[in-house]
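In: Give the three-dimensional model of this entry:
(4 chains, ligands or ions: 4)
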Amino acid sequence: MTDKDRLVPDEGLAPASTAVPAAGTLEEFTKPPQSQWREVWHQFKSHKGALYGGLLFLVIILWVYLGPLLWDLDPTKIDIRARNQGPSLAHPFGTDQLGRDTFSRMMAGGKTSVSVGITAMLLALGLGSLVGVLAGFFKRLDGLLMRLTDLFLALPLLPLLLVMMLLFRDPLNAAFGPEQGIFILIVVSIGVTSWMPTARIVRGDVLAIKEREFVLAARSIGTTNTKMILRHILPNVLSPIMVSATLGIATAIITESSLSFLGLGFPPDFPTWGRLLFDATDYLQQYPERVFWPGLAISLTVLSVNYLGDGLRDALDPRIRGR
Amino acid sequence: MLTFTVRRLVLAVPTLLFISLVLFLLLEFAPGDPMAQVPLTVPPEVKEKMREALGLGQPAHIRFWKWLVQFFWIEPQVLVDHIFGTSFSAGDLRVISWQTRSPVMDIVIQRIPQTLWVVGTAYVVGVLIALPIGIYSAYRQYSWFDQTGTFVSMIGFSVPPFFSGVLVIVVFSVNLGWFPSIYDTTHKVVDWDSFMIQLRQMIMPVMVLALQITAQISRFMRASMLDNLNQDYVRTARAKGLGERAVVLVHVLRNSMIPVVTVIALGVPSIFGGAIITEQVFKVNGIGQLLIGAIQANDLPMVQTLTFIFAVLIVLFNLIADVLYGLLDPRIRYD
Amino acid sequence: MLDNPIARIEGLRVEFETKDGPVVGVEDVSFSVNPGETVCIVGESGSGKSVSSLSLMRLVEFGGGEIAAGRLIFDRRDGGATDLARADQDLMRHIRGNEIGMIFQEPMTALNPVFTVGRQLTEGLRVHKGMTKAEARDRAVEILREVRIPEPERRMDQYPHELSGGMRQRVVIAMAMACEPRLLIADEPTTALDVTIQAEILALMDRLKRETGTAVMFITHDMAVVAQMADRVVVMFRGNKVEEGPVEQIFESPQHDYTKALLAAVPKLGEMRGKAAPEPMKLMGVENQKIEPIPGTDEVLLRVKGLTTRFAVKGGFFRRTVANVHAVEDVSFTLNKGQTLSLVGESGCGKSSCGRSVLRLVEPLSGEIELDRKDIMSLNDRDLRKARLDMQMIFQDPFASLNPQMQLMDQVAEPMRNYGIASGSEIQDRVASLFDRVQLPRSFMRRFPHEMSGGQRQRIAIARALALNPKLIVSDEAVSALDVSVQAQVLNLMMELQAELGLSYLFISHDMAVVERVSHHVGVMYLGRIVEMGPRAAVFENPQHPYTQALMKAVPIADPHRRKAEKDLNFKPIPSPIHSPDYRPEPSVYNEVAPGHLVLVTDSGY
Amino acid sequence: ERGSDGTVNIIYWQAPSIMTPYLSGGTKDIEASSLVLEPLGRYDPDGNLVPFLAEEIPTVENGGVSADLTSITWKLKPGLKWSDGSPVTSADPVFTAEYCMHPEGGCAQLSKYDGVKSVEALDDLTVKVTFERPMPNPYGPFMGAQSPILQKAQFQNCLGAKAPECTEANFAPIGTGPFVVDEFRPNDVITLSANPNYRDPAKPAFAKVNFKGGGDATAAGRAVLETGEYDYAWNLQLAPEVIAQMAAAGKGVPVSAFGTLVERIEMNLTDPSSSLPDDIRATREAPHPILSDLRVRKALSMAIDRNLLTEIGYGQAGRATCNLVPAPARYASPNTDCLTQDIEGAKALLEEAGWKVGAGGVREKDGMKLKLLYQTSTNAVRQDFQALIKQWWSEIGVETELRNISGSVFFGGDPGSPDTFQKFYADVEMYANNFDGTDPQAYLSMYRCGNEPKPSSQWQGENINRFCDPEYDKLLDELARTGELEKRGEIAIRLNEMLTKDSYTIVPLVDRGRVSAHSNTLGGVKLNTWDSELWNAADWYRIK
Ligand SMILES: Nc1ncnc2c1ncn2[C@@H]1O[C@H](COP(=O)(O)OP(=O)(O)OP(=O)(O)O)[C@@H](O)[C@H]1O
Ligand SMILES: Nc1ncnc2c1ncn2[C@@H]1O[C@H](COP(=O)(O)OP(=O)(O)OP(=O)(O)O)[C@@H](O)[C@H]1O
Ligand SMILES: [Mg+2]
Ligand SMILES: [Mg+2]
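Out: Ligands and ions are numbered 1, 2, ... in the order given. Below is the predicted model:
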């Protein structure tokens, strides 16, 4: 931001005496208008929280996806002689009660937890926002969709999941193979059972935004309902959605772990952060470090996503942008 | 809006009936068997006899109808009898739990006090802490307060109660010995001392639950406040010479409440059933524990009744939220 | 004392941080305001008038601005001059509202949408004057009455969105004046007010000034108002003060080129006398400008019959309907292709509602609307959307009608994208040329609405409506926030398009001179009804209805020597359009005094 | 002295939901009600029969059991009183039998009355039970915690379909035991106080019992061993090191005892493949393509190191075993062949069976991979076992897919669910089972041909492996006819070996003991796995 970048106010406007578009505008025009997204990105980059959050998130992703390439101990490999060991060079995070290497289990678990967390959150968010926007925007759908939301809120989670497992486990396994099939099943079950709060929140906000005058104005220029939602409504309800997203990831990771107790989750020898944390809780007093790692990993992931979300929110808010 | 409320209340009846049907079908369809907890030493023929005695032999639609009659017709009569000492319900079969063979509603009523004591308090405490945190974090965005708040609430939210609960028990009960690790549901508060005992046994579960609630609500509060802090009317309010407190707490807050009201209203029904894990960890044995126990034991009448009560609360509180929207933001129109 | 200025701005410079680096909102401005004096600030739209006044209130900081240099010396009530630029916010809190009152430019967004008018009005009183609830309420009702809001008790319990543009503006005025500040900053306080009420508001301010010695800093584009009100005039241009002097001197011997251009562009009532059709304005410095009358055609484009629109007034805890606002009551008119019908009338009489009803942006209760022989009332949503390709609206409050989250370029391009009339780079080009047409620099294309001045936003709204080349444009106070020079250009642009493309306008305005300039026909509305309608010449030169006559009399003249005295104006209480739900109004019956010149016979309440 | 020791706090991490064993088969309910209700005789910690309400245990020798084994005659102790003060008479046992045998009652302990023809009161204190056929083990009715005596006066209106309506009685039955219910909060807390009419005026030492239910085993253990809030915790199924750590706090001690509970792997002898039609899948019509071969089953068993499993999963509370019936000594086979792991031997056996190592170290035969689905219920120890066994099996070239299913589904008999242990839509599964009392006849009879779960029986049945051997059935019949204990022992051992050592249909892993814990100040605890753990609560006292 040097001095020469400074703009003089309103150089485009000439008094009536020179009432043609002033020359200044032409020169201005040589600077091509950037796309809004480029600009959001630009803003995002300069947001400290978002930057650290993004970096941390990247590190986590790299660690869980690329880490196993460098640290190729099999997470399910049992070494009974090395049970319950503390951190050492051979096992940086120690081992568990069967002598499995916690470090590689953390990475393997992270892969599952992060991908389940993010996909399930996206699914829940997508569903929730869709239902919320439709219900808030179309009066006709409101009653129906909100009653549907009530219904889903009322359904007890466990039996619902059991039924889903009953209905879909085998077909999905057949169609996508056991691992992929279970992944889909888990993501869908978490998504399908956690979109309701988002829907209600979004709907509430949409109801209020809908009555703003710019929506009326947009209507008068022939904006179709779809475009209205995408351009005018959604960007203005983004911040609760962002919050739901960050909270959603945490919920999804934890929910995944409780699914495994129903037999709906991944096979028992498949580590995930949630399960590692749960299993380690019994050993809290003996081996506190064992709860520490998965707990830390989940918290860091959620925290990083939160900062990412904050950054994105700020980047998308034109009133904050540019400051 | 009165007509809106009335219409919604009227509409709630078929909605709830439909929900009860869906619940019933879901439970019917879910795998599981009330005999799951009977030891394997009991032979299958005996189990079959026990199932029949529970009425499982009858076709599903008859059982559903029976439940409807029992819940909507007989139980209210029992209530009336209870209050006025009449005897309308004498001889009628109430909704009976399969586990305990006793009327479901009696158990539910028995559980309400401890649920309210612990989960209700936690919710109120959580909300009361969350709102100021959210507001101040937004007002001083990216200050150290905000950063700490974000950090703590995110950690708080991402640590599941099955862990945080055990952690506080290990720290405060086992190591420090300050609080009991097991909640005494029979404890009665009669005087100051017994109140202190109650307080001591409540503190840990309330802490664990409130952490989650606070984390969630404060995040929504903060985001929503941020959306409104830069609006023009805030400038107007300042131009009037209002103190920052009034500007933020009156003008911005009211405009920011809609998403928060939703979250709070959504949370209220969960007071009665959402704190399953925490209740279990601290042995509070409230309604959440009742539900999870019933699900595990496949006690269908109990599960059906409890989930239906939740459904009623959900529908009710969503209606309240909707009415509140209208009151908070006069531009929202319902009719 | 009197020679001690109450506020002195010295070398003010304000910068805004934007993504393209700092933007200078005000470059270097110095002037002062003395007690009991009215200083009018005129100038180009976007020249930094609002920013200067916000700086004096130290409110620019909350909008992303920064006072980069300069001093703002304010003479406190208890003596002692303070440099506000360095005052802390605690002190400012005490000064704001109490010693300096401010009327904001855009009244819709300036009011908190979720609180009643009464609540917002009484707040300041209770803080600064320590009044009880009841006292504050009484006082608030009193001020509302002073700013001529009909039925103030009832309005106290209404929400801002339920008021007309002018009423909101008057609420904001009332709010600023409530505590009888020593310095009143009025940022275009009368843009949305019809001339009668404008006159009354001006009179009110004048009285305040005289009686309490309040100094007024008056920002306006309306040179007639300047002539009426000002003691001294400050002319601003591109972030600088270019000229300052007593009002007579500015009007009689302007020094700076810009001032001269400005004065030349002022439309004057009566200029069109004798001309049959409207014609573009002569612009200073434009050579071989074609000035040709625009006759229009006789072909009917829009026919409106018996249009009635009502709003429910809600009350009680459950907000039940307790009464109806009869905003538009049995209105009928026709508008020919290539012609302009202007609606004038008192603030709150239903002009905007009428315009919105025509587009069915608010659902009329009953009536017929026919556009190009298409029955608009019977269209379903999809067809209605198609029909809107032919009719567009420029909203009265530009800020509220722009999406705060969208870049201006996208907002202007949106209608074209919606109807798929252009794509890709073509859109880009068309948006750019629209920006040129409304005199906005192309560099503004990537800005957001809140980064613009009031007039700039209004031009965006105009560009957006023009984007589709519609057949009918409902322009609701489209040029009220523009300085006269830009206004002249925009008006010329509109007329040019009319001549070229045969556009028709439903032109809603309170500026009688502008109306006279642009219209073929004029309708005068009062309390929801058209009380008089006819060819422009007939209505302007031979007003029949008493309300029309009062309106004409109240038009201010841009000449400081011909100020209207307060006693010239006859203040008549304004009847209320709010009636209980079972009220049945009579139909409108007209008397044709001359061919096409109709005068309402039914009792209109005036 | 009665009531002198204040309150004893007991915690069961599963909360009792009812106070009569007849309406619920759940262990928690049976044990809770044993504080109040008593049978005529109980088993002691060594599995011996001891009289409680009866004068003595009737046997053939003392003439209480008829020589042809078709009837048993019990004599009540004289002067017994119910907790409400009314006398106990022979009408009460007679009524109890009527109550449980009522066809609409859904009595959970009906099998205890299996074969009973009539129960009659010979006089005020004598009850005679007549059987339809000779019963080598006539101690079904009125013996053990499962079959206590109800008070006729209280329950006489609760017969059959009316049973559930008697909430009052079901929650607070009048009994002869050391305590009476003050308040019963289903699935939560029971408060009891000393029975004023208990037959021994000096007992019980405790005036009150606070019986808390709910939570999990860890919490229960912690409450007794670490914080000392509770005096007695039931069934601490926890990893050995966790228990050890808790015990180190010094507030209490874990106690353990062994019974007949055996954790085992069951081999599916039928084909669970989902490609088969529903009425064939996992029925005897479709033999298992891999596990039908004895050598494979044996190899799988040989690859397992039971001692290690025991050490990791149960520590002191487990013993590696090769037997389905690990106790009582008379019925337990001395077989210990399986206790040493033999990976090489297992490999050789698979080679011999034609399974050759293929791609990725997984054995193949005729294009089929040696791949097994191994399911069990959700439980931390079981999942560790799964992981270990999977590893061993992979060492011998067997690929294993693991699955865990929540207990309420796995052990529930819902024919609609694919995941019940009866349906056995997997190749191998693991769970634990035991038998009541000391006689394994009924237990061994489960593996009778035709007793397997199948579509026609709504997938109910106890022969989970679908084992079918005419020889076995013949021996079973012989067992049912034999009254002589020596002989019975021989036959039972033979039967046990046919299922385990000979055929490897059932692969026993661990004989699971019961671990409970009591505080250092609670005296008189004698852990009993043959009856209710609280069987001698009357003798408990506070160590001062
Ligand atoms: N928040 C902002 N960010 C960037 N630029 C701004 C911001 N607010 C105002 N500006 C710019 O500062 C300049 C002065 O604006 P200001 O609002 O003072 O104009 P004005 O004289 O009041 O014009 P008008 O008569 O149209 O209201 C304009 O060029 C405007 O674009
Ligand atoms: N949404 C609404 N709810 C209730 N009343 C409304 C609403 N919109 C407008 N009104 C009322 O309708 C009447 C006419 O309003 P309208 O906006 O049409 O006035 P107008 O002629 O445009 O005035 P102005 O010149 O001040 O803008 C006013 O009394 C106003 O209070
Ligand atoms: Mg301005
Ligand atoms: Mg208007």
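
In: is any part of stretch B:88-101 close to chain D?
Out: Yes. Under the criterion of CB under 8 Å from any CB of the partner chain, chain D is reached by stretch B:88-101 at B:Leu93, B:Ile96, B:Ser97, B:Gln99, B:Thr100, B:Arg101. C-beta here means a position set from N, CA and C on the backbone, and glycine is covered the same way.

In: Measure how buried the last one is and give me the count.
Out: In terms of burial, B:Arg101 registers 24 neighbours under the definition other CB atoms under 10 Å in any protein chain shown.

In: quick one, what contacts it?
Out: Residues in contact with B:Arg101 (CB atoms under 8 Å, 6 or more residues apart in numbering or on different chains) are D:Ile18, D:Leu23, D:Ala163, D:Pro164, D:Thr167, D:Asn170.

In: Setting the sequence-adjacent residues aside, check what's closest to the second one.
Out: In other words, D:Leu23. Spatial nearest neighbour of D:Leu23, excluding adjacent residues (CB to CB, 6 or more residues apart in numbering or on different chains): B:Arg101 at 5.5 Å.

In: re earlier: would you show me how to pick out the buried ones of the residues of stretch B:88-101 next to chain D in ChimeraX?
Out: Listed next is the ChimeraX selection for buried residues among the residues of stretch B:88-101 next to chain D, using 16 or more other CB atoms under 10 Å in any protein chain shown:
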select /B:96,97,99,100,101
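
In: which SSE is the residue nearest to D:Leu23 in?
Out: Using DSSP states H and E, B:Arg101 falls within no helix or strand.

In: Which parts of chain A are helices?
Out: A:23-29, A:36-45, A:48-70, A:102-137, A:139-154, A:157-176, A:178-194, A:196-210, A:213-220, A:225-227, A:238-260, A:273-281, A:288-316 (DSSP state H).

In: What are the buried residues along the longest one?
Out: The reference is to helix A:102-137. For helix A:102-137, the neighbour count (16+ other CB under 10 Å) marks A:102-114, A:116-125, A:127-137 as buried.

In: follow-up on the earlier one: next, format the contacts of B:Arg101 as JSON lines and append neighbour count and secondary structure.
Out: JSON lines is the format used below for the contacts of B:Arg101 (neighbours: other CB atoms under 10 Å in any protein chain shown; DSSP: H, G, I helix; E, B strand; the rest coil):
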{"residue": "D:Ile18", "neighbour count": "28", "secondary structure": "coil"}
{"residue": "D:Leu23", "neighbour count": "28", "secondary structure": "coil"}
{"residue": "D:Ala163", "neighbour count": "24", "secondary structure": "helix"}
{"residue": "D:Pro164", "neighbour count": "23", "secondary structure": "helix"}
{"residue": "D:Thr167", "neighbour count": "20", "secondary structure": "helix"}
{"residue": "D:Asn170", "neighbour count": "25", "secondary structure": "helix"}
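
In: So for these, which is the shakiest by pLDDT?
Out: Ranked by pLDDT, those bottom out at D:Pro164 (77).

In: So for D:Lys454, which of the helices of chain A sits nearest?
Out: helix A:157-176 (20.4 Å; CB to CB).

In: same for that closest one, what does it pack against?
Out: Packing contacts for helix A:157-176, counted by 3 or more CB pairs under 8 Å, 6 or more residues apart in numbering or on different chains; DSSP states H and E, involve helix A:178-194, helix B:2-29, helix B:287-296.

In: Could you look over those helices and pick the most buried one?
Out: Each of these was scored by mean neighbour count; the highest is helix B:287-296, a mean of 26, by mean count of other CB atoms under 10 Å in any protein chain shown.

In: which element follows that one toward the C-terminus?
Out: Counting by DSSP H and E, the next helix or strand C-terminal to helix B:287-296 is helix B:300-328.

In: Quick one: name the residues of chain C near ligand 1.
Out: C:16, C:18, C:23, C:25, C:45-51, C:63-64, C:105, C:450-456, C:481 (CB under 6 Å from any ligand atom).

In: Return the residues in contact with the residue of the stretch 401-550 of chain C found nearest chain D.
Out: Closest contact between the stretch 401-550 of chain C and chain D, by CB to the nearest CB, is at C:Gln405 (46.9 Å). By CB under 8 Å, 6+ apart, the contact set of C:Gln405 is A:His232, A:Pro235, A:Asn236, A:Leu316, A:Asp317, A:Pro318, C:Phe448.

In: Now the fifth one: phi and psi?
Out: Just to be clear, that refers to A:Asp317. A:Asp317 adopts backbone torsions of phi -90, psi 110, taken as degrees, to the nearest 10.

In: hmm, back to that, for the contacts of B:Arg101, which one is nearest B:Val78?
Out: Once CB to CB is applied, the member of these that ends up nearest B:Val78 is D:Thr167, at 12.7 Å.

In: The closest one reaches B:Pro103, doesn't it?
Out: Yes. Using CB atoms under 8 Å, D:Thr167 is in contact with B:Pro103, at 6.9 Å.

In: Check residue 161 and give its pLDDT.
Out: Defaulting to chain A. Confidence score, pLDDT, at A:Leu161: 81.

In: not quite, I wanted chain D
Out: For D:Ala161, the pLDDT comes out at 79.

In: Near it, how many other residues are there?
Out: D:Ala161: 15 surrounding residues under other CB under 10 Å.

In: again, but for C:Gly36
Out: When neighbours are defined as other CB under 10 Å, C:Gly36 has 17 of them.

In: I'd like to check which residues are in contact with residue 143.
Out: Answering for chain A, as no chain was given. Neighbouring residues of A:Gly143 by CB under 8 Å, 6+ apart: B:Leu11.

In: switch to chain C, that's the one I care about
Out: If a contact means CB under 8 Å, 6+ apart, then C:Ile143 has C:Leu121, C:Ala174, C:Met177, C:Ala178 as its contacts.

In: Please look at the first one and C:Ala176 and confirm they touch.
Out: In this case it means C:Leu121. No. Contact criterion CB under 8 Å: C:Leu121 and C:Ala176 do not qualify, at 10.4 Å.

In: What parts of chain A come near chain D?
Out: Residues of chain A that fall close to chain D, judged by CB under 8 Å from any CB: A:76-78, A:80, A:83-84, A:97-98, A:100, A:162, A:166, A:170, A:174, A:178, A:260-263, A:267-269, A:279, A:282-283, A:285-286.

In: re earlier: pick out the most distant pair among the contacts of C:Gln405.
Out: Using CB to CB, the two most remote members of the contacts of C:Gln405 are A:His232 and A:Asp317, lying 15.0 Å apart.

In: which parts of the stretch 101-250 of chain A sit against chain B?
Out: Within the stretch 101-250 of chain A, the positions near chain B by CB under 8 Å from any CB are A:143, A:146-147, A:149-151, A:153-156, A:158-160, A:162-163, A:166, A:196-197, A:200-201, A:203-205, A:207-208, A:211-212, A:239-240, A:242-243, A:246-247, A:250.

In: Of those residues, which are in range of ligand 2?
Out: With CB under 6 Å from any ligand atom as the criterion, no member of these is in contact with ligand 2.

In: Any of those residues buried? List them.
Out: Burial by neighbour count, 16+ other CB under 10 Å: within those this picks out A:146-147, A:149-151, A:153-156, A:158-160, A:162-163, A:166, A:196-197, A:200-201, A:203-205, A:207-208, A:211-212, A:239-240, A:242-243, A:246-247, A:250.

In: Can you report how many residues neighbour the residue lying closest to C:Pro543 once chain neighbours are set aside?
Out: Nearest residue to C:Pro543 in three dimensions, chain neighbours excluded: C:Gln549, at 4.8 Å (CB to CB, 6+ apart). When neighbours are counted by other CB under 10 Å, C:Gln549 registers 13.
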